[in-house]
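S.K.: test case, fold it:
(2 chains)
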Amino acid sequence: MPKITFPRMGESYRAFKMLLEDLGNEVVVPPRPSKRTLDLGIRYAPEFACFPLKILMGTYLETIEMGADTIVTTGGVGPCRAGEYAMLHHKILKDLGHDIKMIVFEPPRLHPVNFIKNLWALNKSGVSIRGVVAHIRRAWRKLQAMDKAEQLSHVMRPREINRGDTTRVYRKVLGWIDQAYSFEQIIEAESAAMEALGSISQDSKRIILKVGIVGEIYVLLEPASNLEVEETLGNLGVEVERSMFLTGWAKDNTWSETTERLTVKEAASPYLPELVGGHGRDSIGNTILYAKRGFDGIIQLAPFTCIPEIVARTILPRVSKDHDIAVLTFFLDEQTGKAGMTTRLEAFVDLLRRKKLFGRGAEPLTG
Amino acid sequence: MKAYLGIDVGSVSINIVVLNEAGEVITGLYLRTQGRPIEVIQEGLKQTAGHLTPAIEIAGVGTTGSGRYLAGVIVGADVVKNEITAHAIAASMIIPDVQTVLEIGGQDSKIIILREGIVTDFAMNTVCAAGTGSFLDQQASRLNIPIDQFGELALQSGTPVRIAGRCTVFAESDMIHKQQMGHRIPDIIRGLSEALVRNYLNNVGKGKEILPPVVFQGGVAANAGIKAAFEEALGIPIQIPEHFNIMGAIGAAQLAREEVTITEHTRFKGFKITGLPYRTGSFECNGCPNICEVVEIYEEDKVIGRWGSRCNKWDIVE
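M.R.: So this is what the prediction gives:
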């Protein structure tokens, strides 16, 4: 039986594992990216490639060590080099002497035949079409449950009285959702998770800042690649809202574009009417939408050398000025020292807090 | 009489100040870090204590700089703040209507934009230390010129030479190339100053509205050549505060003063800590594949601080 693995993005592996097992595959769960993942990725990936390519390179090599022989991944649309990464990874792995199979899913809305062919290749137990649909629906529901729990953790963390409570409860409830198998069980685990997170003791008097997070999908979704920026912000008393969740992204590229996404495009169009690849346009559109919703600030996360995000970065100062919202950009690469990021985040949060408390020109800084 | 202690532990220097209730500097020290922050903090505090009259009581302590957490656990800080906030506070104490702060230190360079006393925007150098104090230090010693004369020399130049300023490696090879062609040292240094300012404004200062009054602080503000290059590039006068090289520490002391008005007591351990033995140790945590290098700091035989881990497993619960 083939042993299947796939890229790791946050906690989503739990749902993918279930789905692939339901279709009769043996799954090698990709480990959380670590120092070793980075070392392996950096050794074998081209120097000028972006951070996500390097982490995935390392992850694939780790999972191959663990016995994986088939990799399932996604392609991409638009002028971003990530669309070619599956081929590049495949070639590098071949050069290293690993004879693995690569199954690349292109967005089904644009490539329906590719989607069905790939799905069939993965259907080892010969599940009926109806069965496959049911399995996908259940995995999808699990992803949704995890996204909901994560969203609530972002609301709770800045308000928690005992530092670390939210992270502890969140870890625990992820286990519950992970264990749930049937549709009913998933729904039950989800509501238990929401209740457990919701009952973390919180300080209702605290002044909470709201920060929107925009940027490239991989560094947004995998906390190990962004130095756990969301948790750090939560501990600084900031409620974060991430502009991207896997369920949201997949929906836009699978069935139809959500209306919200259309507004993102519309919002961005006065500044960037073109698709620049990756999530460059989304970064701009979401910044504007967050500003309109009264957020206190925006953080843009981008892999070092990511062209779409560089384009967005050069436009954002203008957006920031027009919509009176502070924007802070982080370019992420292999550095694991957190000090530089912490200093900038602290200063950013101080800036937002003073602005919120005193307003523009209301109260002097000192005294 | 109540007074407030501020400590700025930077990569190149450690600065310690004591402010009185009116926000005036009673004593200020600028010491080289020399890679030994703990010893220098202890030595600095010993010197500081020597400058204070017995009537002065330390009512609050603040730390800042890249070594702020280390300093914070050693002295018992009431407030531990990032450098950006500390520098902004200090600048607006001295020039209340300041709108732009240019700060260049050992490894960091930053720009802070204030409007009516509120920080509205800031930026820091990202991946590269081109144009910061360490690089100037290095070039001064390569040319065998004491760093305090480096800036003055630039002012003697009549025809500055163009030097590439984007990256220190390019800048250095450009300087060597020009020197081997026979250009005069003052012209090369002037060219370097202009290159650094150009790089700063284009990188750190990108898209920022630089309005007067402009304050230039941090160790590099001592360099007259850089100041002149800023004035030429911006076309507005630049002010350098009297205590330009200890502004971070002044800001930290002021923040401590604000903090203790809320907490109403200080956590300062007293000047006795200058005589206590401190040591640090590190170990690799094998709890997960991250294999974090965790650093511990001991006061006598007690662990008072730990950092370096990516999770909270090793956090110290007070």
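
S.K.: after the helix or strand residue B:258 falls within, next one along is what?
M.R.: According to DSSP states H and E, residue B:258 maps onto helix B:247-263. Counting by DSSP H and E, the next helix or strand C-terminal to helix B:247-263 is strand B:278-284.

S.K.: and that following strand, which residues are buried?
M.R.: For strand B:278-284, burial by neighbour count (16 or more other Cβ atoms under 10 Å in any protein chain shown) applies to residue B:278. Any C-beta I mention is one placed from the backbone N, CA and C, and that applies to glycine too.

S.K.: neighbouring contacts of that strand?
M.R.: Residues from elsewhere that reach strand B:278-284 (Cβ atoms under 8 Å, 6 or more residues apart in numbering or on different chains): B:38, B:42, B:74, B:291-299, B:308.

S.K.: what about chain A: which of those residues touch it?
M.R.: Taking Cβ under 8 Å from any Cβ of the partner chain as the test, chain A is in contact with residue B:291 out of the contacts of strand B:278-284.

S.K.: so, in contact with chain A or not, the helix holding residue B:258?
M.R.: Yes: Helix B:247-263 is in contact with chain A by Cβ under 8 Å from any Cβ, via B:254, B:258.

S.K.: ok, back up a step: so which of the contacts of strand B:278-284 is the most crowded?
M.R.: Among the contacts of strand B:278-284, residue B:74 has the most neighbours (other Cβ atoms under 10 Å in any protein chain shown), with 26 neighbours.

S.K.: so, low pLDDT: which residues of the stretch 101-250 of chain A?
M.R.: A:249-250 (pLDDT under 70).

S.K.: count the neighbours of the residue of it found nearest chain B for me.
M.R.: Residue nearest to chain B within the stretch 101-250 of chain A: residue A:164 (5.6 Å; Cβ to the nearest Cβ). Neighbour count for residue A:164, taken as other Cβ under 10 Å: 15.

S.K.: now, which of the contacts of strand B:278-284 lie within strands?
M.R.: Using DSSP state E, the members of the contacts of strand B:278-284 that fall in strands are B:293-299.

S.K.: distance of residue B:243 relative to residue B:24?
M.R.: 10 Å (Cβ to Cβ, to the nearest Å).

S.K.: and the two? Which one has more around it.
M.R.: A count of neighbours by other Cβ under 10 Å puts residue B:243 above the other of residue B:243 and residue B:24, at 17 against 11.

S.K.: I'd assumed residue B:250 was in contact with the more buried one.
M.R.: Yes: Residue B:243 lies in contact with residue B:250 (Cβ atoms under 8 Å); the separation is 6.2 Å.

S.K.: and the strands in the stretch 51-200 of chain A?
M.R.: Secondary structure of the stretch 51-200 of chain A by DSSP state E, counting those that start in this stretch: the strands cover A:70-74, A:101-105.

S.K.: hey, where'd the strands end up in chain B?
M.R.: For chain B, the strands defined by DSSP E occupy B:2-9, B:13-20, B:25-32, B:57-64, B:79-80, B:100-104, B:109-115, B:118-124, B:214-217, B:238-239, B:278-284, B:293-299, B:302-307.

S.K.: pLDDT averaged over stretch B:132-140 - what is it?
M.R.: For stretch B:132-140, the mean per-residue pLDDT is 84.

S.K.: please apply the same query to stretch B:61-70.
M.R.: Regarding stretch B:61-70, the rounded mean pLDDT is 92.

S.K.: dump that stretch to PDB, keeping only the CA atoms.
M.R.: Coordinates of each C-alpha in stretch B:61-70 appear next as PDB, following Å, rounded to 0.1, in the frame of the first residue of the first chain:
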ATOM      1  CA  VAL B  61      13.500  51.400  37.500                       C
ATOM      2  CA  GLY B  62      12.900  50.900  33.800                       C
ATOM      3  CA  THR B  63      15.000  48.900  31.300                       C
ATOM      4  CA  THR B  64      15.100  49.000  27.500                       C
ATOM      5  CA  GLY B  65      17.400  47.900  24.600                       C
ATOM      6  CA  SER B  66      18.000  44.400  23.200                       C
ATOM      7  CA  GLY B  67      19.200  43.200  26.700                       C
ATOM      8  CA  ARG B  68      16.200  44.700  28.500                       C
ATOM      9  CA  TYR B  69      14.900  41.300  29.800                       C
ATOM     10  CA  LEU B  70      18.300  40.400  31.100                       C
END
